[in-house]
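*Asks:* following is a predicted model, sequence given first.
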Protein chains: 2
Amino acid sequence: MTESANRALLPAGLRDMLPPDAEFEASVVHSLMSMFARHGYDRVKPPLIEFEESLLDGAGGGTSSQTFRVMDPMSQKMMGLRADMTPQVARIAATRLGSQPRPLRLSYAGQVLRVKGTQLRPERQFGQAGIELIGSDDAGADAEVLVMTAEALDDLGVPGVSADLALPTLVPAVFAAYGINGETADRLRAALDHKDSATVAAQGGAAAPLLQALIAAAGPAARALAELCALDLPPAAAAERDRLARVVELAGADLPSLTLTVDPVENRGFEYHTGLSFTLFARNMGAELGRGGRYQGGGGEPATGATLFMDSVLAALPGPKPAKRLFVPAGTPRAWAQAFRAQGWVTVSGLDPAADPQVEAKHQGCRHRLGPDGIVEVE
Amino acid sequence: MTESANRALLPAGLRDMLPPDAEFEASVVHSLMSMFARHGYDRVKPPLIEFEESLLDGAGGGTSSQTFRVMDPMSQKMMGLRADMTPQVARIAATRLGSQPRPLRLSYAGQVLRVKGTQLRPERQFGQAGIELIGSDDAGADAEVLVMTAEALDDLGVPGVSADLALPTLVPAVFAAYGINGETADRLRAALDHKDSATVAAQGGAAAPLLQALIAAAGPAARALAELCALDLPPAAAAERDRLARVVELAGADLPSLTLTVDPVENRGFEYHTGLSFTLFARNMGAELGRGGRYQGGGGEPATGATLFMDSVLAALPGPKPAKRLFVPAGTPRAWAQAFRAQGWVTVSGLDPAADPQVEAKHQGCRHRLGPDGIVEVE
């Protein structure tokens, strides 16, 4: 390996973004954050690194095994490099912005680092952009977060945006009503995760028919809701179903183009969620573009939010359009180049007054150059 | 201390940016990067973390004591959290973009982390935004980088932008010509750093008059250049002076409003620079807003670049203008709110259909709300 190849070697899962990708990512984040801002979401920016004890508090505990630690030489306490920004934003909402009026709408965008990649997401650094809506238990809050993130993806040009809705507290409510716990609950949970109706039938006891019906109800939102409404659910589960019905109705009115599916027994990745949750997808793409849902904010405050994963979002988009580059020879008055920039050109200045402008323009990837009589096309 | 205050405690030098500051910083970075892009600078984005051996290679070695390290569990090698992005961009230029045509123009923006803050910059995390112009030794390259960064600050609204020019190789060239080295050189270097003309006179030997004249020449660019031109400099030093004269001339033609000063013996902070360098300031502000200059790229390639420090840049700017917030009651058709957003309003949606719109609007900091007959002012 040459010295230069060696220097380019990066740890697995980390990479250099080159032109035009780096600019494209930044412009997509800018569009997303501008849209969130127009809906009254105010941006916050927590630090990349903070004390482990605050970073991994509450919902942040889920990222503990994924978090790099370093010692703070000033306090001699351990700090963690964030693996997820949402616990940080929840911390800000509960502490620094604890006395702000509710509902509180916050947005954020930034990089997160993880100790190891997963099969689905091998990257160990990626960008997050998201929103949190804190202090409202209304179904309108669930619908707003779902519709806004789906619409934001739609506006960016992501083809065929869909959302898969989940109710992570539904199965626990059924278990509680039927007195299912301990190892039986664990076995049933695993069977539900694998949509293993046979095991559910064998081990579900009195709850088996209901749990099997929940597995079978997965599918397009309208049909799933009809099936769920026909079931005799225990009260806590019925309340979740009614919330789901209301959110589907609100989202359908606001964004009729959004494809909604429901998986009533889905739980994976929503371990810290306390109510209606969702995963966003694009047509023909396996990787999820984002996820969100209800959680418990500081002091038990109701909250919901969603995060978009920039690596998947970029992969779902057609690439950026190439810029119109105009070569401006050395010595051209600055005001001339300025006028062309104001018209949308990218100007590339010549530095060597002796260079041939035609050759230089081509060399610099400019299909046009500024000649004595105006713009000249470069062959 | 309450539990909530405890959770808000961050390590010294790290902080949460709250509304409206976080959004303001992002918008300033966006403006800077857009300007760089319009001048043909293509954005790159290196990872936050990479192998220590590549991060601290070459010019990166200067940040070694400021760099947090973590072990990579995948490769069992040490990684460093970047304390400066410029060595990363130089690495990308030399390796991944090594075969791209020169001059190569790159831009970057991102966060850096440092083990300890300094008295002048107590922050341990701050944003950098900068440019690199690689592969040209022309004075036009030095002038382009200087003028672009100064003009970018000017465009943002920074009052009284000035640049202090330095020639970090000038004094070494004089030392070499007069055979000054070892401890004498160290003592003289320290005396020059403190503008201590008496010690220079006592210890400078045959070079003393010249070194004293260099100290005395510091000041506004026109006067400093006149004094430098009157001196009998050794050839290498004379070449640096001529480069300075040419850059001052080009920058004066391009951006006459830019105040330029020269300090011929300045060296601190430019230890890795190999030619004309500069520091950017704003009127009435002690902290530097950015710095730049010539350095040696990969394979000895000539290069120049500049970095802006976002914390100082933001401190030099008047704050952001507050947004026009319009409260839109729950149940308002989505298209209506959309129409107001298209007109520049930030819309804040009501979530509870039973809430009093007037009370809710006020509570949410909206000075206007959407009533049945259009926009209503909120008392």
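*Replies:* Received it, and whenever you're ready, just let me know what you need.

*Asks:* of all the residues in the stretch 51-200 of chain A, which ones are close to chain B?
*Replies:* With C-beta under 8 Å from any C-beta of the partner chain as the criterion, the stretch 51-200 of chain A comes near chain B at residues A:51, A:54, A:57, A:68-70, A:72-75, A:77, A:79, A:81, A:88, A:91-92, A:94-98, A:101, A:103, A:105-106, A:108-111, A:113, A:115-116, A:125, A:136, A:138, A:140-141, A:144. (Each C-beta comes from the backbone N, C-alpha and C, glycine too.)

*Asks:* list only buried entries from those.
*Replies:* Among these, those buried by neighbour count (16 or more other C-beta atoms under 10 Å in any protein chain shown) are A:51, A:54, A:57, A:68-70, A:72, A:79, A:81, A:88, A:91-92, A:94-98, A:103, A:105-106, A:108-111, A:113, A:115, A:125, A:136, A:138, A:140-141, A:144.

*Asks:* measure the residue nearest the centre of chain A to chain B for me?
*Replies:* Nearest to the mean C-alpha position of chain A, counting by C-alpha atoms, centre = their mean, stands residue A:308 at 1.2 Å. To chain B, residue A:308 is 16 Å away according to C-beta to the nearest C-beta, to the nearest Å.

*Asks:* cool, and residue A:226?
*Replies:* Going from residue A:226 to chain B by C-beta to the nearest C-beta gives 25 Å.

*Asks:* so which elements touch the top helix by length along chain A?
*Replies:* The single longest helix within chain A, with elements called by DSSP state H, is helix A:235-254. Packed against helix A:235-254 by the contact rule (3 or more C-beta pairs under 8 Å, 6 or more residues apart in numbering or on different chains; DSSP states H and E) you find helix A:139-156, strand A:162-166, helix A:170-177, helix A:221-229, strand A:259-263.

*Asks:* okay, these in a markdown table with mean pLDDT next?
*Replies:* Listed next are the helices and strands packed on helix A:235-254 as a markdown table, based on pLDDT from 0 to 100:
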| stretch | mean pLDDT |
| --- | --- |
| helix A:139-156 | 97 |
| strand A:162-166 | 98 |
| helix A:170-177 | 96 |
| helix A:221-229 | 97 |
| strand A:259-263 | 97 |
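
*Asks:* still on that earlier bit, restricted to strands, list the buried ones among the residues of the stretch 51-200 of chain A next to chain B.
*Replies:* Counted as lying in strands by DSSP state E, out of those, are A:51, A:69-70, A:79, A:81, A:105-106, A:108-111, A:113, A:125.

*Asks:* so where do the strands sit in the stretch 251-379 of chain A?
*Replies:* In the stretch 251-379 of chain A, the strands defined using DSSP state E, counting those that start in this stretch lie at A:259-263, A:277-281, A:290-296, A:302-309, A:325-328, A:346-349, A:368-371, A:374-377.

*Asks:* what angle separates the fourth one from strand A:290-296?
*Replies:* Here the directions of strand A:302-309 and strand A:290-296 differ by 160 degrees (axes from the mean of the first three to the mean of the last three C-alpha atoms, to 10 degrees).

*Asks:* direction included, what does strand A:302-309 pair against?
*Replies:* With DSSP bridges as the test, strand A:302-309 is paired with strand A:125-134 (antiparallel), strand A:290-296 (antiparallel).

*Asks:* tell me which of these approaches residue B:226 most closely.
*Replies:* Residue B:226 lies closest to strand A:125-134 among the strands paired with strand A:302-309, at 51.6 Å (C-beta to C-beta).

*Asks:* for the closest one, which positions count as buried?
*Replies:* Neighbour-count burial for strand A:125-134, counted by 16+ other C-beta under 10 Å, picks out A:125, A:126, A:127, A:128, A:129, A:130, A:131, A:132, A:133, A:134.

*Asks:* who does the fifth one bridge with?
*Replies:* The reference is to residue A:129. Per DSSP bridges, the residues bridged to residue A:129 are residue A:109, residue A:308.

*Asks:* which ones are touching it?
*Replies:* With contacts defined as C-beta atoms under 8 Å, 6 or more residues apart in numbering or on different chains, the neighbours of residue A:129 are A:29, A:32, A:33, A:107, A:108, A:109, A:307, A:308, A:310.

*Asks:* could you do the fourth one as well?
*Replies:* Residue A:128 sits next to A:84, A:85, A:86, A:108, A:109, A:110, A:111, A:112, A:307, A:308, A:309, A:310 when contact means C-beta under 8 Å, 6+ apart.

*Asks:* that one and residue A:378, how far apart?
*Replies:* Counting by C-beta to C-beta, to the nearest Å, the gap from residue A:128 to residue A:378 is 41 Å.

*Asks:* circling back to that earlier point, pLDDT (mean, whole number) over the longest helix of chain A?
*Replies:* On average, the pLDDT along helix A:235-254 is 96.

*Asks:* from the chain's centroid, how far away is that helix?
*Replies:* Mean-position distance between helix A:235-254 and its chain equals 23 Å (C-alpha atoms, centre = their mean, to the nearest Å).

*Asks:* cool, and stretch A:78-97?
*Replies:* Taking C-alpha atoms, centre = their mean, one finds stretch A:78-97 lying 16 Å from the centre of the chain it belongs to.

*Asks:* again, but for stretch A:342-351
*Replies:* Put simply, stretch A:342-351 sits 35 Å off its chain's centre (C-alpha atoms, centre = their mean).

*Asks:* next, the buried residues of that stretch.
*Replies:* Neighbour-count burial for stretch A:342-351, counted by 16+ other C-beta under 10 Å, picks out A:345, A:346, A:347, A:348, A:349, A:350, A:351.

*Asks:* equivalent analysis for stretch A:152-160, please.
*Replies:* For stretch A:152-160, by 16+ other C-beta under 10 Å, it's A:152, A:153, A:154, A:156, A:158.

*Asks:* likewise stretch A:314-326?
*Replies:* Applying a neighbour-count criterion of 16+ other C-beta under 10 Å, one finds A:314, A:316, A:317, A:323, A:325, A:326 buried in stretch A:314-326.

*Asks:* and for stretch A:176-183?
*Replies:* Neighbour counts over stretch A:176-183 (16+ other C-beta under 10 Å) mark A:177, A:178, A:180 as buried.

*Asks:* equivalent analysis for stretch A:330-345, please.
*Replies:* Buried-residue list, stretch A:330-345, by 16+ other C-beta under 10 Å: A:330, A:332, A:337, A:340, A:341, A:345.

*Asks:* kindly report the same for stretch A:159-166.
*Replies:* For stretch A:159-166, burial by neighbour count (16+ other C-beta under 10 Å) applies to A:161, A:162, A:163, A:164, A:165, A:166.

*Asks:* ok, the one residue in the stretch 201-350 of chain A that gets nearest to chain B - contacts?
*Replies:* Among the residues of the stretch 201-350 of chain A, residue A:348 lies closest to chain B, at 3.8 Å counting by C-beta to the nearest C-beta. With contact taken as C-beta under 8 Å, 6+ apart, residue A:348 is in contact with A:325, A:326, A:327, A:328, A:361, A:364, A:366, B:39, B:40, B:105.
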